[in-house]
Every structure is written in C-alpha cells, then in structure tokens.
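> Give me a model of this one.
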Amino acid sequence: MSPGDSRDGGFARVVLTCFLPFAAGYLLSYIFRTVNAVVGPRLAAELQIDIAALGVLTSAYFAGFVLLQIPAGVLLDRYGPRRVQAVLLVFAAIGALLFSQATTLAGLALARGLIGVGVATCLMAGFKANTLFWPPERLGTANGVLMAFAGVGGAVGTLPVTWLADAVGWRGVFHVLTACALVLAAIVWRIVPDRRPATVSGLGEALDGVRRIFTARAFWAVVPLSAFTQSVFQAYHTLWTAPWLVDVAGFAPAEVPVAMLLVLLGIIPGYLLSGAVTDALGRRGVDKGTLFAVYTGAFILLQAGLALGPSRGAVALWVLYVVLGTGSVIAYVILTPLFPRDLAGRLNTAINLVVFLVAFLIQASIGHALVWVEHGFAVTRAGAHGVVLAALVALQGAMWLWFVAGRRRA
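Numbering: from 1, shown residues only. Below is the predicted model:
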C-alpha cells in the first residue's frame, strides 16, 4: 500500500484510525483463540477435564462465532465496522471475566462461547473497513497484512501467556484479557471514523441479500474447500498441534510453549505472503482460483506427511503447515468481486458461518476421535493421531476435487 492508495485522507491517518484498531482486535481474538493450548493443561488438571472434554470446551469458541455470523454480516453492512466492533468487544470482555470465575465445564463452555460471540467480527470488521478505506486492487495486500496480526496474537498466546499464567494463574490471564478487550472497545469507539451507508436497507432486504449469497453457485463452488482446509488449520494450530508434539514427536510438556511460539509466528509470513502473492499474480493475469488450488493442495499434502508421524523436524513442518494453511483465505478474495460491494459484510460472514460451523464440529470431534481410535483399535496415542489426520486429509481431498471439478464446469 502507498500513500495514494487510501480513500480518506493521508496514508498514516488511515492506517492509524481505520486499520490498526481492527488489526489489534484481530490480534486479541487470536489470543483468545489459542490461549487454551497453553492454559488448557492447567485448567484440565484443576477441574479434572480429559482430552475429549478439553476439545469440546475449546470448540465452544467456534460455536459462538457461528451463532453470530449472519446477524454480524447484516449489522456490519447496516451500521459500519466501528459500532459493531466496539459493542461486541464488550461482550468478549464479559465472557473472559465469566471464564475466569467458572468452576464447572458447563460454565467454562458458556463463557468461552460468549467470548466467541464477542470476537466474532474482529476479522470481518477489519475486512469491511478495508473495503471502505482501501481501493479494490489493494484488498489482497490489506487483508493479508490484517491477517498477519493473527501470528502476533498467536505468538503472544503461547510463551508470554505461559509466563503470565506462571505469575498470576490461568484465571489471572483471563482477568488481563478482560481489561484488554474493554480498553480496545473504547479505542475503536473513540478514534475509528463512523462510515456507514447513506441509505440503510430494511431488514427484509438485508436478509434477501443473505439468501442471494447462499443460493449462488459460485459460493458453493469455492466455500466447501475453504471451509474444510480452514477448519483443520484452525483446529490444529489453536489446540491439537501441542498434544501432537508431545504424543508423536516426544516433546516434554515444558518444551511445548516455545515450540508453539515458533509455529504460530509462521502465520505472519504466511498471511503476508498469501496476500502479496494474490495481488501480484492477479496483476499479471494469473487466475486466483488456480492459486487457491495450488495453496490448498500443498497444504493437504503436507498433512498427509504429518499423518505418518515424523519426529525429526517436527517444528519446521508445523511452521510450514501454518504458512500453507493461510492460503485458504484466498477464497474471500475470489468471491468478493462476484457480489455487489454493499453485500461485502454479509458475504464475508456467510463464508465464516460455513467455515466455523465445520471448525466447531472438527475441533470438538478430534479429541473424541483420538480416544476412540486409541482404545477401540488398541493403538498408541501417536498412532491415533496419524489415523485422525489421515481421515481429515481424505475429507479435504474430496473438497479439493469438488473445487477443481466445479471450476472446469464453470
């Protein structure tokens, strides 16, 4: 992006007031998303929660996401990203506070679901703001830079959170996150320009826009592959990579936070690269669908290698996993030009609805699948990880073939 790219005033002003507040929101949402990978063992030990229950608990975050996606899309298109983001961050703060006080699995799950509701628009509000304040030819780069903040949030959610948990306990970690959410809500409300449509459509018209998206053939040609690859990507780097490192690669539990820090830092170059490559190749006439197929195909093949249980170079392989996993978001860039600009918020949240519904199901199922395979087939926990990953590779492979076949029909 260059100074001439912005639509409202100078480059620095747009970055400071229209980009960084939403980038900080996405960073915070990623801390919430990945924090259970670090505090999960402490929480499980205190409340006597097994690995299957921990998976279900962690997936409650995605359930909150799913519940809010369609309403959030309508709200973003009607009221703009500033108002929606600021209000929902207050709900995230309430959820974090309730999580810090919960003493039962049900209480923790409800609180984590509320956190998911509160941060459900952190990325989509940023995407909506980018469509309002940056030109279309720079959206890939702007979205890529925005999503790179996920790597910062994920990294903060590993070793720094471990140090914080050592100092104040896992409940104290959520007290700090409560304060961060409230401060950020105030910043968004105070400094982000309040850009909204000049005319606001009625609720019926808004919902008709949602119907148009979900009945579009282009939507269902692209989204299934994005949904399954993003869901597996989310499930593993936010929770299941850490148990894999212990069970398969033989890491000591004390080594996991440092390893996860390195893994999650890979998100930063991953999103920056996917955004920059998408824009650069697009300007050279390269079809974004081809790039999407290459990225997701490489990601699926890497998982097939991980299913074999390699112990050497495990951290490097998982870093490559997150770098390639970021490519699934090219789906947003593919679909955005195919729908009117006033549907941008509803389109992005419609994609998210499918993605996080699948993510919820996969995240909640992996723990149960590991236990079932390990005990039902009398294999080691390492062997169970391999079986589960192989099954996920098969599912994603089917969606890849669906996408490729759909492009040929088109």
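> ok, the residue most central in space within the chain - contacts?
Closest to where the C-alpha atoms of the chain average out (CA atoms, centre = their mean) is Gln234, at 6.0 Å. Contacts for Gln234 (CB atoms under 8 Å, 6 or more residues apart in numbering) come out as Arg33, Phe62, Phe356, Ala359, Gln363. Placement of C-beta: from N, CA and C, glycine included.
> Mind checking which of those are buried?
Buried members of the contacts of Gln234, counted by 16 or more other CB atoms under 10 Å: Arg33, Phe62, Phe356, Ala359, Gln363.
> Show me which residues of the strand or helix carrying the fourth one are buried.
Right, the one you point to is Ala359. Taking DSSP states H and E as the definition, Ala359 sits inside helix 344-376. Of all the residues in helix 344-376, those buried under the rule 16+ other CB under 10 Å are 344-367, 369-371, 373-374.
> got the angle between the longest helix anywhere in the chain and helix 344-376?
For the chain, the helix with the greatest residue count under DSSP state H is helix 51-101. Per axes from the mean of the first three to the mean of the last three CA atoms, to 10 degrees, the angle that helix 51-101 makes with helix 344-376 is 130 degrees.
> Quick one: mean pLDDT for helix 51-101?
What helix 51-101 shows for mean pLDDT is 89.
> What of stretch 233-242?
Rounded mean pLDDT across stretch 233-242 is 92.
> can you dump the C-alpha coordinates of that stretch into CSV?
Extracted as CSV, the C-alpha positions of stretch 233-242 are listed here (Å, rounded to 0.1, in the frame of the first residue of the first chain):
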residue,chain,number,x,y,z
PHE,A,233,-5.9,-25.3,10.1
GLN,A,234,-7.8,-23.7,13.0
ALA,A,235,-8.3,-26.9,15.0
TYR,A,236,-4.6,-27.9,15.0
HIS,A,237,-2.7,-24.7,15.4
THR,A,238,-5.1,-23.4,18.1
LEU,A,239,-5.1,-26.7,20.1
TRP,A,240,-4.1,-30.0,18.7
THR,A,241,-0.6,-29.3,17.5
ALA,A,242,0.5,-29.1,21.1
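> which residues touch Ala344?
Asp77, Phe127, Lys128, Thr131, Thr336.
> between these, which has the most around it?
Taking other CB atoms under 10 Å as the neighbour criterion, Phe127 ranks highest of the contacts of Ala344 with 29 neighbours.
> isn't that one right up against Asn143?
Yes. Contact criterion CB atoms under 8 Å: Phe127 and Asn143 qualify, at 6.1 Å.
> who touches both of these two?
With CB under 8 Å, 6+ apart, Phe127 and Asn143 have common neighbours Tyr332.
> List the buried residues of stretch 78-97.
Here stretch 78-97 shows 78-89, 91-97 as buried, counting by 16+ other CB under 10 Å.
> Which is the succeeding secondary structure element to the strand or helix carrying the residue nearest to the centre of the chain?
According to DSSP H and E, Gln234 maps onto helix 217-235. With elements assigned by DSSP H and E, the helix or strand that comes after helix 217-235 is helix 241-247.
> hey, which helix or strand in this protein has the poorest pLDDT?
Lowest mean confidence among the helices and strands of the chain (mean pLDDT, DSSP states H and E): helix 11-14, at a mean of 78.
> Check the offset of that helix from the chain's centre.
26 Å (CA atoms, centre = their mean, to the nearest Å).
> residues of it that come out buried?
Of the residues in helix 11-14, those buried (16+ other CB under 10 Å) are Val14.
> Please enumerate residues in contact with stretch 130-143?
Contacts of stretch 130-143 (CB under 8 Å, 6+ apart): 1, 5-8, 14, 18-19, 80-81, 126-127, 146, 195, 275-276, 278-279, 282-283, 329, 332-333, 336-337, 341, 344.
> For ChimeraX, write a command that selects the buried ones of those residues.
Of the contacts of stretch 130-143, the buried ones go into a single ChimeraX selection, burial set by 16+ other CB under 10 Å:
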select :6,14,18,19,80,81,126,127,146,275,278,279,329,332,333,336,344
